[in-house]
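Q: task: produce atomic coordinates for the following.
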Amino acid sequence: HLMESGGGLVQAGGSLTLSCAVSGFNFDDYAIGWFRQAPGKEREGVSCISRSDGNTYYAASVKGRFTISNDNAKNTVYLQMNSLKPEDTAVYYCAADLFSRLTSGGNRALYWGQGTQVTVSS
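A: Numbering: from 1, shown residues only. As a prediction, this is how the structure comes out:
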């Protein structure tokens, strides 16, 4: 199971930190990725982290503003979002699968969380 938290309403230029708590499967076997879906748009990959080697991925639209990290002891992955823009408004989902699959652009994963809403006001 994957459980997101930390979403909310923030003004443009502000920050939020999303958390993805992992339980029920061996966290070591999978990478964890963050995806988002805005109203009327397709789901897109945002960031991903490999627990085995720490490799990370960022979409061009968030590179330099978002930082993904994981806390092995807590089985939790974080997405620190800074300098938020109104176009970052979306439901954010975390997902688990192989790193290659999460970054393939196919927007598919073995496991998905239920999502958390992030709204950035202008």
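Q: switch to C-alpha atoms for all contacts and neighbour counts from now on
A: Fine.
Q: from Thr119, how far out is Glu44?
A: Between Glu44 and Thr119 the computed distance is 16 Å (Cα to Cα, to the nearest Å).
Q: quick one, what contacts the residue most central in space within the chain?
A: When Cα atoms, centre = their mean is applied to the chain, the residue found nearest the centroid is Trp34 (2.2 Å). Neighbour list for Trp34: 45-48, 79, 92-95 [criterion: Cα atoms under 8 Å, 6 or more residues apart in numbering].
Q: please repeat the previous calculation with a cut-off of 7 Å.
A: 45-48, 92-95 (Cα atoms under 7 Å, 6 or more residues apart in numbering).
Q: farthest-separated two in the residues you listed?
A: Cys48 and Tyr92 (12.8 Å; Cα to Cα).
Q: so what pairs up with Thr119 in the strands?
A: Beta bridges link Thr119 to Leu9, judged by DSSP bridges.
Q: do the same with Tyr58
A: Ser47.
Q: quick one: the helices in this protein?
A: With DSSP state H as the criterion, the chain has helices at 99-102.
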